[in-house]
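> Give me coordinates for this.
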Amino acid sequence: MRYFAFLLVLALAVIFALLGQFSRPVFFWPLVLIVPLSLLGIWDVLQKSHSVLRNYPIIGHLRWLLESVRPELRQYFFASDTGEEPFNREERSLVYQRAKNEESNMPFGTQLELYEEGYSWINHSINPSTVNEGACRIKIGGKECKKPYSSSVLNVSAMSFGSLSSHAIQALNKGAKKGGFAHDTGEGGISRHHRHGGDLIWEIGSGYFGCRNRDGSFSPEKFTEKAADDQVKMIELKLSQGAKPGHGGILPGAKVTEEIAEARGVEIGEDCISPNAHSSFSTPIEMMEFLARLRDLSGGKPTGFKLCVGHRWEFMAVAKAMRETGIVPDFIVVDGAEGGTGAAPREFSNHIGTPLSEGLAFVNNVLVGTDLRDQIKIGASGKVISAFHMVRLMSLGADWCNAARAFMFALGCIQSQSCHTNRCPVGIATQDKKRVRALVVEDKAERVYRFHHNTVHAFEDVLGAAGLTRPSDIRHHHFFIRDGDRLIRSGEDWTEWLETGELLNGTKHEDFSRNWDMSQAGSFSPRAL
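Below you'll find the model as predicted:
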């Protein structure tokens, strides 16, 4: 039976050959299909790489055929609306509907299991409020900032040109311009495709792309020239990203086109290396001094850093360096380990880095505990799709949210998970010009704008339903989560929350106390206790 298909094809080949020879020539036509299948079967039996094919010649190829379309079969035919990862059908549909200005209301009640562990919600008010126009803008910029930025509560998170196509970057930037929100460049630098008038957050990674010397070190002259552009509103120093924290990267020379080389400041065809650590600083104090330098060179624009939280004593060391030097960043963006627009080693995606909720709460706690919170705005990035996601993150300490994959869905992403193959079916995560052509910039820019507009409007509705008038009114106690069948935790009880200045005065919380004692402003290494 294992060789049934192979033997059947061989038999048919003989039969049709004889019929064609001694009956009518028309019987030769099936041999056009049968002969190649026969040769395939012979190759399957003789090859030594695949045991399945040696045992099941010809028919064994069905395994690879079905496996190749398995994600599509699950996505379109078998997965439930709420049972898919990383984003389920309900979440994707919400973005598509808002991006197209279609009806996004839900009939017949929720499909979520309200009594399962992990279900979360916020309570409404008997006396709902009205959110005033302009309430959902956040001023970013501390006392040393000369050019503060009025930011939307929802912005495009970091995605580089190179990872995304030229048309995708253009559509995002045009949508950002129309909607009045910010577009993070990602560490790949400012490309010609970003130049469509949308506000830019220039992300500076360890490769210093767009502001580097020939040896890969930071170039103050090139940075100053680009940072002076009015389109650049904020400067973001990237320490790590949620998809692969603590991991560098390389764009092979074969993929470094003229446009990518121009944006990144490298040679065409040359390997584009992003080290796993910065060369401009090696201690928390040096990092603060480098941030101050970036702010000064940019003409006083809001300057901060992005990280996925790792060793707790390291971030505490940064906070100590802020206190010791008096240099305070204007903002901090917390990226969660669930972030994932870029391809990354499986171990890094699955098991390295702190998830966003825990990382965000920790950063907020440390800033409160060191009496720095009032001087620093916090952004949050990681699986932000809906207004509820935004409210939940703000209850844990965020001032605004960034979204990456949500805006990819607005561009038309179908979650094919082929971003790293250069074969993106909708022209977003590819440099194949034939595939990129499928993405019509003007149409997708409008969808980006609509998704942002409709999501912020939904956010305002949620605030009003809770009796709040502005994002800063959201507190820990507005958020609830089910921990088991009967236990319900409010945000107040979800984790330990520090009092203002508590770390400076001696905290009663053991974990914070231990890591605080281990941290030191002069080194990222822990102090021996």
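> Where does pLDDT dip in the stretch 351-500 of the chain?
For the stretch 351-500 of the chain, applying pLDDT under 70 flags the ranges 485-486.
> which residues in it form strands?
Here the stretch 351-500 of the chain has its strands, by DSSP state E, counting those that start in this stretch, at 377-381, 400-403, 479-482, 488-490.
> Could you export these as a markdown table, including distance to Arg212 and mean neighbour count?
(Each C-beta comes from the backbone N, C-alpha and C, glycine too.) Formatted as a markdown table, the strands of the stretch 351-500 of the chain follow (distance: least, Cβ to Cβ, whole Å; neighbours: other Cβ atoms under 10 Å):
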| stretch | distance to Arg212 | mean neighbour count |
| --- | --- | --- |
| strand 377-381 | 25 | 26 |
| strand 400-403 | 25 | 26 |
| strand 479-482 | 42 | 20 |
| strand 488-490 | 47 | 14 |
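> Of all those strands, which one is nearest Arg470?
strand 400-403 (12.3 Å; Cβ to Cβ).
> quick one: contacts of that closest one?
Strand 400-403 is contacted by residues 138, 151-158, 184, 333, 377, 379-381, 384-385, 389-390, 393-394, 471 when judged by Cβ atoms under 8 Å, 6 or more residues apart in numbering.
> what do you get if the cut-off is 7 Å, keeping everything else the same?
For strand 400-403, the surrounding residues in contact (Cβ atoms under 7 Å, 6 or more residues apart in numbering) are 138, 151, 153-157, 184, 333, 379-381, 384, 390, 393.
> strand partners of it, parallel vs antiparallel please.
strand 154-156 (parallel), strand 377-381 (parallel) (DSSP bridges).
> would you list every one of the helices in the stretch 251-400 of the chain?
Using DSSP state H, counting those that start in this stretch, the helices assigned to the stretch 251-400 of the chain run over residues 258-264, 284-297, 312-325, 346-351, 356-369, 387-395.
> Go through those and name the closest to Phe87.
helix 387-395 (11.3 Å).
> would you turn the strands paired with strand 400-403 into TSV with distance to Glu113?
Shown next, in TSV, are the strands paired with strand 400-403 (distance: least, Cβ to Cβ, whole Å):
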stretch	distance to Glu113
strand 154-156	28
strand 377-381	26
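> Phe409: which of those strands is closest?
strand 154-156 (12.4 Å).
> Helix or strand next in line after that closest one, which one?
The helix or strand immediately downstream of strand 154-156 is helix 166-179, counting by DSSP states H and E.
> show me what contacts the residue nearest to Lys255 when sequence neighbours are not counted?
Leaving aside its chain neighbours, Lys255 sits nearest to Gln431 (6.6 Å; criterion: Cβ to Cβ, 6 or more residues apart in numbering). Residues counted as contacts of Gln431 (Cβ under 7 Å, 6+ apart) are 165, 255, 257, 422.
> And for Lys233?
Neighbour list for Lys233: 149, 182, 199-201, 301 [criterion: Cβ under 7 Å, 6+ apart].
> Identify the farthest-apart pair in the residues you listed.
Between any two of these (Cβ to Cβ), the greatest distance is 12.2 Å, for Ala182 and Lys301.
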